[in-house]
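Engineer: quick one: sequence and predicted model below, then my questions.
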Amino acid sequence: VGLVEPPGGAAPAREAIRNGLAFTVDVAGDAASGIVGYKARRHTDVIDVDRIGHYDPRDFWEPIYPRRAAGSLAGILLDPNDFHILASREAVVVPPDFAAEMLPYDNLVGEFRVHYAGFFDPGFGAVEADGTGSRAVLEVRSHEVPFLVEHGQIVGRLVYERLIARPDKLYGGAIGSAYQRQGLALSKHFKAVLAGSSPTSG
């Protein structure tokens, strides 16, 4: 089974599997809304993490749209010290007898960092757990200087570890997991974002 599922179904090239399986970022934009991600507002209220689906995302996030040059996509420009939510271009698959960890982009190339506390449970994106199409949501920050991120750019790697035994329960809807089959999405504390919705002023 494939560990990532690129758009169109093409398998990753052999050279892409080095120190973990490379994955890339999607900054082409949602077909309906054109949104490629979200930027955190700098001054907001405190969130009660026990409230699920409670908060209006427009009070906490600004939508990000892709830059265009000569009629084609030119990626997005990350402002220093702003916090961004983006999504991987590929769907991620974690087989039931594995777990995976997201490792950061090589920061020797530029001051750009995908937060790497990401841990993927057994069954994330797996067919057995009804997870087909699950993409990784990325927490991204640029430090000190603006950084241009292009569509399909490698932003991190997934390192897979085989488990001693297959778990009794897999990540997925059967146990109430919030992020199975996700695309670009905010955390479960926010209401669903409507395509084409605009942020509130502030």
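Structural biologist: Received the coordinates, thanks.
Engineer: for the chain, which segments count as helices?
Structural biologist: Here the chain has no helices by DSSP state H.
Engineer: under the pLDDT cut-off, which ranges of it? List them.
Structural biologist: The chain contains residues with pLDDT under 70 at 1-19, 69-74, 104-117, 193-202.
Engineer: centroid residue for it?
Structural biologist: Centroid-nearest residue in the chain: Val137, 1.7 Å away (criterion: CA atoms, centre = their mean).
Engineer: how about that residue, what does it touch?
Structural biologist: Applying CB atoms under 8 Å, 6 or more residues apart in numbering to Val137 gives the contacts Ile85, Leu86, Ala87, Ser88, Tyr179, Gln182, Leu184, Ala185. C-beta here means a position set from N, CA and C on the backbone, and glycine is covered the same way.
Engineer: out of the residues you listed, what pair is the most spread apart?
Structural biologist: Leu86 and Tyr179 (14.8 Å; CB to CB).
Engineer: who has more neighbours out of the two?
Structural biologist: Neighbour count, other CB atoms under 10 Å: between Leu86 and Tyr179, Leu86 has more, with 24 against 19.
Engineer: for the nearest residue to that one once chain neighbours are set aside, give the beta-bridge partners.
Structural biologist: Nearest residue to Leu86, sequence neighbours excluded (CB to CB, 6 or more residues apart in numbering): Gly37, at 4.1 Å. Going by DSSP bridges, Gly37 is paired in beta bridges with Ile64.
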